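>>> return a 3D structure for these sequence lines:
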Amino acid sequence: MKGIKSLVFKLWLRAYYKTKSNSNYNKTFQNLCKINKLLTKTNFKLNNKNKFLISNLSNIVSNNNNVKLGNKSYHTSSNISNLNPFKQLSFRSFTSLSTQSIINSWFISGFSDAEGSFQILIRKGLRYKLCWSTIAKFRIGLHVKDLELLKSIQLFFNGIGQLEVISTRELAYFEVTKLDDLINIIIPHFDKYPLQSAKSIDYLLWKQCINLMITKEHLTQSGLQQIISIKSAINWGNSELLMNTFSNIKPIERPPYIISEVPLNPHWVSGFCEGDSSFSIYLRPNTNEVQVSFIIYLNEREEPLLIKIQSFFYGIGSINYYNKNSACYYKISNKKQLNDIIMPHFITYELVGNKKSNFLIWSQILCLTNKKAHLTTEGLDKIKFLKDQLNKWN
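Next comes the predicted model:
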């Protein structure tokens, strides 16, 4: 059945993505066959809404009983008419991972740059020696539909930590709070595969606090005050309760963010984009204009990182600014650049969570616009339907 499933998808690709130039067709077809490999490997399933994806299949089969794809030939007359492909493929699978999947180490660091947090929690309680407890935590929070991704991250880290699901908010968390696990597993990983964003400053300050905890200085008044001083520069700083209670403690100055000169690892790029990128489709109202874009939105303090990501992608695209909310973004809308650089990158260095299904849908729309399908009513309707599937959880 798997061979038939693959054939169905490849036949559909051949129907929709032929171009006028044979060389362009060959290049596009090679890329899309790689996309098909991703679909097959991740066991996607089509729902009834996606029936148009193989709408031209019968026409191809009737004209091509023997189809050659690459070095393999297929005879399509048997079984194909009885195949229900909608039970075999889907673009709405939330993660391509099973709990047995091992993720690339750089991907983990890139994803943590986007979605992870390094926290120091200081809580009041009479049962504690100083009436305050100090807890260090590494945490990644996602939508509950990406729970499998969190399970795979936990597996990557040798099964340490806890998974927590807050069903009322549709959130899931992977958390590590055991000091030995932070010292022996989490810190060695991020020291070997360092963070690249401004979050690297949070990590270094967080690690300073852990070093004080290793020597049990957090159990002394001076050590606790030192941790509170460091904590003031991590993430959102100290709570109002801590600031009022320890008003005599001077917050440290947050170190400047200096971007590393070491080139970005491509797996880090994909991991970071899993969390902080957007595969965007914009349809201008009352026209057949379709803008396909790849965008990364960040706080303006991360501008050096966006510049480095732009350099990684050979300088294509532009960096723009939102002055009102102190944000900046990196955007690529040139179709040739999207076809030649962005799509091949994410085929080679795969996304693994819900963002992957968005990428696959986005890739189809990009290829439909390559073929100028958006200039026809039928093609534009297909693009509109595909666009509606982006960022859906069910």
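>>> C-alpha only now, for contacts and for neighbours.
Fine.
>>> how far away is residue 118 from residue 328?
In this view, residue 118 and residue 328 are 23 Å apart by CA to CA, to the nearest Å.
>>> what of residue 348?
Computed with CA to CA, the distance linking residue 348 and residue 328 is 27 Å.
>>> tell me which of the two has more neighbours.
Legend: neighbour count by other CA atoms under 10 Å for residue 348 and residue 328, higher for residue 328 (20 against 14).
>>> who are the contact partners of that one?
Residues counted as contacts of residue 328 (CA atoms under 8 Å, 6 or more residues apart in numbering) are 297-300, 303, 319-322.
>>> buried ones among these?
Among those, those scoring as buried are 297-298, 300, 303, 319, 321 (criterion: 16 or more other CA atoms under 10 Å).
>>> closest to residue 281 among these?
Closest approach to residue 281 among the buried ones among the contacts of residue 328 (CA to CA): residue 297, at 15.4 Å.
>>> show me the contacts of residue 328 that map onto strands.
Those of the contacts of residue 328 mapping onto strands are 297-299, 319-322, per DSSP state E.
>>> what would these look like in a markdown table with distance to residue 192 and pLDDT?
Below are the ones in strands among the contacts of residue 328 laid out as a markdown table (distance: CA to CA, whole Å; pLDDT from 0 to 100):
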| residue | distance to residue 192 | pLDDT |
| --- | --- | --- |
| 297 | 27 | 94 |
| 298 | 25 | 95 |
| 299 | 26 | 91 |
| 319 | 30 | 96 |
| 320 | 32 | 94 |
| 321 | 33 | 91 |
| 322 | 34 | 85 |
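>>> adding distance to residue 371, write these out as CSV.
CSV is the format used below for the ones in strands among the contacts of residue 328 (distance: CA to CA, whole Å):
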residue, distance to residue 371
297, 29
298, 33
299, 36
319, 28
320, 29
321, 32
322, 34
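>>> and of these, the nearest to residue 228?
residue 299 (25.2 Å).
>>> apart from its neighbours in sequence, what residue is nearest that closest one?
residue 327 (4.4 Å; CA to CA, 6 or more residues apart in numbering).
>>> how about the one you found, what does it touch?
Listed by CA under 8 Å, 6+ apart, the contact partners of residue 327 are 297-300, 321.
>>> that one and residue 336, how far apart?
According to CA to CA, residue 327 stands 27 Å off from residue 336.
>>> over to residue 155?
In terms of CA to CA, residue 155 sits 38 Å off from residue 336.
>>> who has more neighbours, the two?
Taking other CA under 10 Å, residue 155 and residue 336 do not tie; residue 155 has more neighbours (17 against 10).
>>> surely that one meets residue 108?
No - taking contacts as CA atoms under 8 Å, residue 155 lies outside contact range of residue 108: 11.6 Å.
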